[in-house]
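Chemist: Quick one, what's the 3D model for this:
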Amino acid sequence: MVATPTRQTSPPQKAKKLFLRPSSRPEVVWEKLPEDFVLPDDPVDSINQPPLAAALTDSLSLAGYLSETAATTTNYGICAKVEGKTVVKAPDWAWIPATSVPKSDIERSYTPVLEGDLPVIVMEFLSESEGSEYSIKPSYPPGKWFYYERVLQVPNYLIFEPKAGKIEFYRIEEGLYKPIHPNDDGRYWVEEAKLFIGTWQGKHQDRSGWWLRWWDAEGELLLWAEEMAKQEQERAEQERERAEQAELAQQKAIKKLVEMGMEAAQVAEALGLSVESVQTQLQQ
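Modeler: Next up, the predicted model:
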C-alpha cells in the first residue's frame, strides 16, 4: 500500500529563503575525527527508528544492492572539518556506496572522501521533537539541513513521518535542495541507486505501521527475508499441487488406455513411460 504524501513539500519559511540565495559552500576539509573529540551521546528519539533503518538495509542487502565495501549507517556520525571546526551529524539512516578503508577501521565516525564515498542519500525520521531536520543554521555547529546540503552535498535528502506515513523528498539542484514530487505510485526515484523509494503499510517483525520500502526500476518490490521465505513456500506448494495434478492425469490416461484393451507395454510406449511405472500405477 503506497501513501501519497500530503505533508508540506517545502521546508519552513527559513528554508524557502535558502532556496532563493545563491549556493555557497563553506571551506570543507575531510579530516578524521580527533581522538579527544567528545561525541554526543543522545538517545534514539523514537523506538521506531531502529526497525525502520534495519528494514531499509535488509531489503537492499538481500536483493544484492550492497557491495562488500558499501555501508549503511544508523545514528552514526558523519564528520568533516568546516571552517576549521569539526562537525559531526548522525542521520537516522544513510547509504554510502563504497568505503575505501576496511569497515573495521571506521571507528566512532565516518569521514567521507577520506574513508570512502559521500552518502547518496540521508534520511531523518520525524519524532515528537521534530524541527532539527530543517535547520539551515550556517554558524557553528551548523544545522542538519545546512550540513547535508552545503557541506556534504548529499544528492538526496528524505524526511519521513512514520506515524502518518508521509515523505518529503529533496534533491540537490544547482547546489540547493529542491522538493521533488512522487510519481503516480507515490514513489520517488533515487537516481544514484537506480531504485524507487516509497511508503508501505503493514506488519514487519514486531512492528505494525508505515515503513519505507524500495522498488526496482521495473516496479518490483525488494522483499524482506520473511517475505522471501513466504514466497518460496507458496512456490513450493504450487509446484507440489502441479505435480499431484500431473500424476492424477497420468493415472487417468493409463486407466483409459487399459480399458481400451492396450497392454502395459503399449501404454508405456504411448505415454513415454517405463513398463514398471505403468504397472505400479495400475496396482494403485
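Chemist: Please count neighbours and contacts with C-alpha atoms only from this point.
Modeler: Noted.
Chemist: how about the residue nearest the centre of the chain, secondary structure?
Modeler: For the chain, the residue nearest the mean C-alpha position is residue 56 (3.5 Å; Cα atoms, centre = their mean). Here residue 56 is recorded as helix under DSSP: H, G, I helix; E, B strand; the rest coil.
Chemist: Tell me if I'm right that it and residue 215 touch.
Modeler: No: here residue 56 does not reach residue 215: they are 11.2 Å apart, not a contact under Cα atoms under 8 Å.
Chemist: Overlap in contacts, those two.
Modeler: Listed as contacting both residue 56 and residue 215 by Cα atoms under 8 Å, 6 or more residues apart in numbering is no residue at all.
Chemist: Specify the beta-bridge partners of residue 158.
Modeler: residue 123, residue 169 (DSSP bridges).
Chemist: just the helices in the stretch 101-250 of the chain please.
Modeler: Taking DSSP state H, counting those that start in this stretch as the test, the helices found in the stretch 101-250 of the chain are 144-146, 225-259.
Chemist: among the ones you listed, which is nearest residue 65?
Modeler: In terms of Cα to Cα, the element of these nearest to residue 65 is helix 225-259, at 14.7 Å.
Chemist: Can you spell out which helices and strands pack onto the closest one?
Modeler: Other elements packing on helix 225-259 under the criterion 3 or more Cα pairs under 8 Å, 6 or more residues apart in numbering; DSSP states H and E are helix 49-62, helix 264-271, helix 275-283.
Chemist: With mean pLDDT and distance to residue 108 added, can I get those helices in a markdown table?
Modeler: Formatted as a markdown table, the helices and strands packed on helix 225-259 follow (pLDDT from 0 to 100; distance: least, Cα to Cα, whole Å):
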| stretch | mean pLDDT | distance to residue 108 |
| --- | --- | --- |
| helix 49-62 | 95 | 18 |
| helix 264-271 | 77 | 70 |
| helix 275-283 | 75 | 67 |
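Chemist: thought residue 113 was touching residue 28?
Modeler: No: Residue 113 lies out of contact with residue 28 (Cα under 8 Å); the separation is 11.1 Å.
Chemist: Please identify which helix or strand holds the nearest residue to residue 150 once chain neighbours are set aside.
Modeler: Nearest residue to residue 150 in three dimensions, chain neighbours excluded: residue 25, at 5.3 Å (Cα to Cα, 6 or more residues apart in numbering). Counting by DSSP states H and E, there is no helix or strand that carries residue 25.
Chemist: Next, count neighbours for residue 25.
Modeler: Using other Cα atoms under 10 Å, residue 25 has 15 neighbouring residues.
Chemist: And it, what's its pLDDT?
Modeler: The model reports residue 25 with a pLDDT of 83.
Chemist: Residue 8 too?
Modeler: The confidence metric pLDDT takes the value 39 at residue 8.
Chemist: Kindly report the same for the one 4 residues further on.
Modeler: At residue 12, the pLDDT value in this model is 39.
Chemist: got it, and residue 194?
Modeler: Residue 194 is assigned 97 on the pLDDT scale.
Chemist: what's the answer for residue 2, then?
Modeler: 39.
Chemist: for residue 36, same thing?
Modeler: Predicted confidence (pLDDT) for residue 36: 75.
Chemist: Same check on the one 4 residues further on?
Modeler: The score at residue 40 is 67. That number is its pLDDT.
Chemist: and if you look at residue 244?
Modeler: For residue 244, the pLDDT comes out at 78.
Chemist: That one: neighbour count?
Modeler: By other Cα under 10 Å, 12 other residues sit near residue 244.
Chemist: rewinding a little: list the contacts of the residue nearest to the centre of the chain.
Modeler: Contacts for residue 56 (Cα under 8 Å, 6+ apart) come out as 212-214.
Chemist: Distance of it relative to residue 147?
Modeler: Distance of residue 56 to residue 147, given as Cα to Cα, to the nearest Å: 23 Å.
Chemist: just checking, next helix/strand downstream of the helix or strand of the chain with the lowest mean pLDDT?
Modeler: In the chain, no helix or strand scores lower on mean pLDDT, DSSP states H and E than helix 13-20, which sits at a mean of 35. Heading C-terminal from helix 13-20, the first helix or strand you meet, by DSSP H and E, is strand 28-29.
Chemist: Adjacent strands (with direction) for that next one?
Modeler: Taking DSSP bridges as the criterion, strand 28-29 forms sheet pairs with strand 78-82 (antiparallel).
Chemist: Give me the mean pLDDT for the partner strand.
Modeler: Per-residue pLDDT over strand 78-82 has a mean of 94.
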